[in-house]
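Colleague: With the sequence up front, the predicted model follows.
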Amino acid sequence: MIDTVEVHGHRGARGLRPENTLPGFSHALDLGVDAIELDAGLTADGVVVLNHDQSLSPANLADTAPAWPDDPAHPYVGKPIRELTLAQLRTVDAGTRFRPAPMPGTGIPTLAEACALLAPTTVKLSVELKTDPTWTDEEVGLFTAAVVDVLTHHALTPRASLLAFDWRVLAEARRHYPSLGRVALLERKTLTPDTTWLAGQSPHDPIAAAQAIGATAISPEHAITTPGLVDDAHDAALPVIVWTVNTAEDMTRFIKYGADAIVTDYPDLLQSVLAPA
């Protein structure tokens, strides 16, 4: 039924406010989303921060001043988050390049700051851990633990899920944090025969692979989401969270397929599609 489809705000409300920012999360809350999807990275000094890419992208971020005079690492945009400290990241502007309406002065938040904002609400958290197969198992474990520590501190683990393309995150969570939701992200790039993203699982049957790694849901990109995939996932008792869907036509199509949730940059549009006629 249409009224059972959850609205997941992609990076907050990416089409309406700067992505992965507190203003974006606040706007998503105002729109009444069921879940907020956000992306986590780990700084050089061990702080979990929110940003989509492992390196700071000039597409949505801008340098201001260095964190301290003559900092040799400045400018910071273009550099990996893992090579920068929180103090350095605090100088980066995440709103100046937002279109159509720039929001200068918007900063890169920590996961703790986002959790403080979201803890008093009932919204679910979908926390994507941005790792890749070049990370060591130890690094994946430390990062996963750091994320879970923040969620635990804010008493958010009952309504939080960890998302990952690098399925070692899911295996780590199943071993050490089994009460947390574990969402297997699927896209064409990671479902190739030579993939190193799936923690040793075969890409030929994504549903069986997700089950084997201990996923509690799957989240496929819209281009590979078919009625058959949705039905197979449901037969395996795995909810389906489709990403990223930004047109009313596509939203309606995935609702008809039986998707359990839709991830969108425009939660307001999805809300209108879901509204009773």
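Modeller: Received, thanks. Numbers count the residues shown, from 1 in each chain.

Colleague: Need the pLDDT of residue 4.
Modeller: If you check residue 4, the pLDDT there is 85.

Colleague: which ones are touching the residue nearest to it when sequence neighbours are not counted?
Modeller: Residue nearest to residue 4 in three dimensions, not counting chain neighbours: residue 260, with 7.3 Å by C-beta to C-beta, 6 or more residues apart in numbering. Heads up, the C-betas are built off the backbone N, CA and C, glycines and all. Applying C-beta atoms under 8 Å, 6 or more residues apart in numbering to residue 260 gives the contacts 4, 5, 6, 217, 239, 240, 241.

Colleague: could you flag which of those are buried?
Modeller: By neighbour count, with 16 or more other C-beta atoms under 10 Å, those hold 5, 6, 217, 239, 240, 241 as buried.

Colleague: Who does the second one form a beta bridge with?
Modeller: Going back to what we said before, that points to residue 6. Note on residue 6: beta-bridge partners residue 261, judged by DSSP bridges.

Colleague: Touching, it and residue 264? I think so.
Modeller: No: here residue 6 does not reach residue 264: they are 10.9 Å apart, not a contact under C-beta atoms under 8 Å.

Colleague: Give me the contacts around the longest helix seen in the chain.
Modeller: Longest helix in the chain by number of residues (criterion: DSSP state H): helix 137-153. Residues outside helix 137-153 that contact it (C-beta under 8 Å, 6+ apart): 40, 42, 46, 48, 111-112, 115, 125, 127, 129, 131, 135, 157, 160, 162, 166, 168-169, 172-173, 176-177, 180.

Colleague: in the helix or strand just after that helix, what counts as buried?
Modeller: Going down the chain from helix 137-153, the next helix or strand is strand 160-164, by DSSP states H and E. Across strand 160-164, burial judged by 16+ other C-beta under 10 Å covers 160, 161, 162, 163, 164.

Colleague: what packs against strand 160-164?
Modeller: strand 124-129, helix 137-153, helix 168-176, strand 181-186 (3 or more C-beta pairs under 8 Å, 6 or more residues apart in numbering; DSSP states H and E).

Colleague: Which PyMOL command selects the buried ones in the contacts of helix 137-153?
Modeller: Selection of buried members from those for PyMOL, criterion 16+ other C-beta under 10 Å:
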select buried, resi 40+42+48+111+112+115+125+127+129+131+135+157+160+162+166+168+169+172+173+177+180
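
Colleague: tell me the contacts of residue 189?
Modeller: Per C-beta under 8 Å, 6+ apart, neighbours of residue 189: residue 197.

Colleague: residues in contact with residue 183?
Modeller: With C-beta under 8 Å, 6+ apart, residue 183 has these contacts: 126, 161, 162, 163, 164, 170, 215, 216, 217, 218, 219, 241.

Colleague: ok, now residue 115?
Modeller: Residues counted as contacts of residue 115 (C-beta under 8 Å, 6+ apart) are 125, 150, 151, 153, 154, 156.

Colleague: What pLDDT does the model give the third one?
Modeller: On the pLDDT scale, residue 151 is placed at 98.

Colleague: Also the last one?
Modeller: With respect to pLDDT, residue 156 has a value of 98.

Colleague: and stretch 83-91, which residues are buried?
Modeller: Buried residues in stretch 83-91, counted by 16+ other C-beta under 10 Å: 84, 85, 86, 88, 89, 91.

Colleague: repeat for stretch 262-277
Modeller: Buried residues in stretch 262-277 (16+ other C-beta under 10 Å): 262, 263, 264, 265, 266, 267, 268, 269, 270, 273, 274.

Colleague: quick one: which of those residues sit in helices?
Modeller: Going by DSSP H, the helices hold 267, 268, 269, 270, 273, 274 from the buried residues of stretch 262-277.
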